[in-house]
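>>> This is a predicted model, with the sequence first.
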Amino acid sequence: DTAVSQTPKYLVTQMGNDKSIKCEQNLGHDTMYWYKQDSKKFLKIMFSYNNKELIINETVPNRFSPKSPDKAHLNLHINSLELGDSAVYFCASSPGGQETQYFGPGTRLLVL
Amino acid sequence: EDQVTQSPEALRLQEGESSSLNCSYTVSGLRGLFWYRQDPGKGPEFLFTLYSAGEEKEKERLKATLTKKESFLHITAPKPEDSATYLCAVRASTSGTYKYIFGTGTRLKVLA
């Protein structure tokens, strides 16, 4: 009965590869987010979707592309992975844009 | 520039030794201040939301307060299980768009 789930939990890949991280929430929330947490534990928002519509798009490389097939899913696709992409990526959801966010367990990405 | 600063960076307390964590912010159009707890290897877990100066929220040994420039998270008689990183975040709205900004956190260690 996990509220916000992410797959995979760990991802180790080579520079230049393309990879995807999946996120699903079963809370019935309208808004979903992607965050990046770097090695210094700084959490930075990347994207936010409300009812499948992009509402926050921070300055991130266009190698990162979010995709929301439905309200319960927000996937993150990363093209041409670089060493600096290594981080923990968290998905989150909230009932609306102003509400408390519920975070997933994170995906630990390591680019070699 | 919108900014959220947390202090101290790290804090070690003896069990039962009360203290406070600080979150200072400079944002335009504050639409909420959030406190989260993050355990190692896990996603942030919601604690409190504060919306206006003078507001206070309590939960067990934790109490959060808000002024126009900062928020405090007071920990009364902490226990070892309170050890975690505590994150502060603000939701700011400008020109019809909004964004979330996280602080870098305070790592709390409570010794038995």
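Cool, the structure landed.

>>> B:S19 - how many residues pack around it?
Residues within reach of B:S19, counting by other CB atoms under 10 Å in any protein chain shown, total 16. Where you see a C-beta, it was placed from the backbone N, CA and C, and this is true even at glycine.

>>> Apologies, that question was intended for A:E99.
Close neighbours of A:E99, defined as other CB under 10 Å, add up to 16.

>>> For residue 17, which non-adjacent residue is closest in space?
Unless you meant another one, I'm taking chain A. Excluding its sequence neighbours, the residue lying closest to A:N17 (CB to CB, 6 or more residues apart in numbering or on different chains) is A:L81, at 5.2 Å.

>>> that answer is for a different chain, and I need it for chain B
Sequence neighbours aside, B:P78 is the residue nearest to B:E17 in space, at 6.9 Å (criterion: CB to CB, 6+ apart).

>>> I would like the residues contacting the top strand by length along chain B, please.
For chain B, the longest strand by residue count, based on DSSP state E, is strand B:84-94. Around strand B:84-94, the neighbours that count as contacts under CB atoms under 8 Å, 6 or more residues apart in numbering or on different chains are A:41, A:43, A:98, B:2, B:4, B:6, B:21, B:23, B:25, B:27-39, B:44, B:47, B:71, B:73, B:98-103, B:105-108.

>>> quick one, phi/psi of B:P80?
phi -50, psi -30 (degrees, to the nearest 10).

>>> contacting residues for it?
By CB under 8 Å, 6+ apart, the contact set of B:P80 is B:15, B:110-112.

>>> returning to that earlier point: can you say which of the contacts of strand B:84-94 are buried?
With burial judged by 16 or more other CB atoms under 10 Å in any protein chain shown, the buried subset of the contacts of strand B:84-94 is A:43, B:4, B:6, B:21, B:23, B:25, B:27, B:30-38, B:44, B:47, B:71, B:73, B:98-103, B:105-108.

>>> In strands only, show me the residues you listed.
Taking DSSP E, the ones among those that sit in strands are A:43, B:4, B:6, B:21, B:23, B:25, B:30-38, B:47, B:71, B:73, B:98-102, B:106-108.

>>> ok, the residue nearest to B:E17 to chain A distance?
21 Å (CB to the nearest CB, to the nearest Å).

>>> From A:L76, how far out is A:T13?
A:T13 sits at a distance of 14 Å from A:L76 (criterion: CB to CB, to the nearest Å).

>>> ditto for B:R107
Counting by CB to CB - B:R107 and A:L76 are separated by 27 Å.

>>> which residues touch the residue in chain A that chain B sits nearest to?
Using CB to the nearest CB, A:F103 is the residue of chain A that sits closest to chain B, at 3.3 Å. With contact set as CB under 8 Å, 6+ apart, A:F103 has these partners: A:4, A:35, A:90-92, B:36, B:43-45.

>>> Scan the contacts of B:P80 and report the most crowded one.
B:V110 (21 neighbours).

>>> How about the residues of chain A by chain B?
Within chain A, the residues that sit near chain B (CB under 8 Å from any CB of the partner chain) are A:4, A:33, A:40-45, A:55-56, A:58, A:90, A:92, A:97-98, A:100-106.
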